[in-house]
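J.: generate coordinates for the sequence data below:
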Amino acid sequence: VNLVESGGGLVQAGGSLRLSCEASGRTLNGLVLSWFRQNPGREREFVAAIRWDGRTAHYSDSVEGRFAISRDNAKNAAYLQMSSLKPEDTAVYYCASGRINYSYLFSRAREYDDWGQGTQVTVSS
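T.: Just a heads-up that it's a prediction; the model follows:
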């Protein structure tokens, strides 16, 4: 699966952004879609995940209640709506897909097969 993120940019603290992840090469049906983020010198951090049927979403504690992940299988796309942004949300955000059966594995980057190139999100104070 080829994944391409878009929607990043510069926003003031308290603002909102919506990231998109468009997939090509194969259908996303049956795959978990997730968002991770990473800053230089740090490990890639799990942000949110959603199962293929879109019924269940998982979030890291740091974004719970502020971010919302969604997907549109018909469009082969996933989205991350980010609200009440904080300077500590600044990072490169990556979309990832994988065939993962157990939710406790969603936060593990090594479980994912395909990654996008990333989109920069910068939140100013």
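
J.: need the contact partners of the strand or helix carrying R18.
T.: Using DSSP states H and E, R18 sits within strand 17-24. For strand 17-24, the surrounding residues in contact (CB atoms under 8 Å, 6 or more residues apart in numbering) are 1-9, 11, 33, 35, 75-82, 85, 93, 95, 97, 116, 119, 121. Backbone N, C-alpha and C define where each C-beta goes, glycine included.

J.: filter these to the buried ones?
T.: Buried residues within the contacts of strand 17-24, counting neighbours by 16 or more other CB atoms under 10 Å: 1, 3, 5, 7-8, 11, 33, 35, 76-80, 82, 85, 93, 95, 97, 116, 119, 121.

J.: cross those against strands and list the overlap.
T.: 3, 5, 11, 33, 35, 77-80, 82, 93, 95, 97, 119, 121 (DSSP state E).

J.: which one of those residues is nearest to D53?
T.: Lowest distance from D53 to these (CB to CB) belongs to L33, with 11.3 Å.

J.: contact partners for the closest residue to that closest one other than its chain neighbours?
T.: Counting by CB to CB, 6 or more residues apart in numbering, A78 is the residue found nearest to L33 once chain neighbours are left out, at 4.2 Å. For A78, the contact set (CB under 8 Å, 6+ apart) comprises S20, C21, A23, L28, L33, W35, I50, I69, S70, R71, D72, C95.

J.: would you write a ChimeraX line that selects the buried entries of these?
T.: Selection of buried members from the contacts of A78 for ChimeraX, criterion 16+ other CB under 10 Å:
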select :20,21,23,28,33,35,50,69,71,95
